[in-house]
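> got a predicted model here, sequence first, then my questions.
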Amino acid sequence: MATGFEALLEQALQLPEEERSEFAAQLLHSLEPKHDEAPTAQEWDAAWSAELDHRIREVREGTVELVDGDAVLAELREIADRP
């Protein structure tokens, strides 16, 4: 027997594309912090600074694969053009 989640997902997948898109947007919006819970500018800057430090460290240590931006865009265009 399907769980509530599975049943809801099955129903949502039957919606027309535009309604599925709106449904997904509303779900994502529900996960965003409430206005009074939003980070302050200082917290936002600190979080981004930490993330940038982390990413720079990964590049320097060679633990991430760097990919050419033009190659990524070309691949995305190819995917978007598929029937």
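Good, I have the coordinates.
> which residues touch the biggest helix by length in the chain?
Of all the segments assigned as helix in the chain under DSSP state H, the longest by residue count is helix 41-61. With contacts defined as Cβ atoms under 8 Å, 6 or more residues apart in numbering, helix 41-61 is touched by P39, V64, L66. From N, CA and C alone the C-beta is placed, and that goes for glycine too.
> list only buried entries from these.
The neighbour-count criterion (16 or more other Cβ atoms under 10 Å) marks none of the contacts of helix 41-61 as buried.
> just those: which are in strands?
Judged by DSSP state E, strands contain none of those.
> list just the nearest of those residues to E18.
P39 (32.5 Å; Cβ to Cβ).
> who touches that closest one in this structure?
With Cβ under 8 Å, 6+ apart, P39 has these contacts: P33, A47.
> relative to G62, how far out is it?
According to Cβ to Cβ, to the nearest Å, P39 stands 32 Å off from G62.
> do the same with E75
23 Å.
> domain ranges for this protein?
1-32, 36-83 (automatic domain parsing).
> just put those in a markdown table and tack on mean pLDDT.
Output for these, formatted as a markdown table (pLDDT from 0 to 100):
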| stretch | mean pLDDT |
| --- | --- |
| domain 1-32 | 89 |
| domain 36-83 | 92 |
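> before we move on, the earlier item: higher neighbour count, E75 and G62?
When E75 and G62 are compared for neighbours, E75 comes out ahead with 11 against 8, by other Cβ atoms under 10 Å.
> which strands and helices lie in contact with the helix or strand the more buried one falls within?
For E75, the host element (DSSP states H and E) is helix 69-80. Helix 69-80 is packed against no helix or strand, with contacts defined by 3 or more Cβ pairs under 8 Å, 6 or more residues apart in numbering; DSSP states H and E.
> alright, that wraps it up for me.
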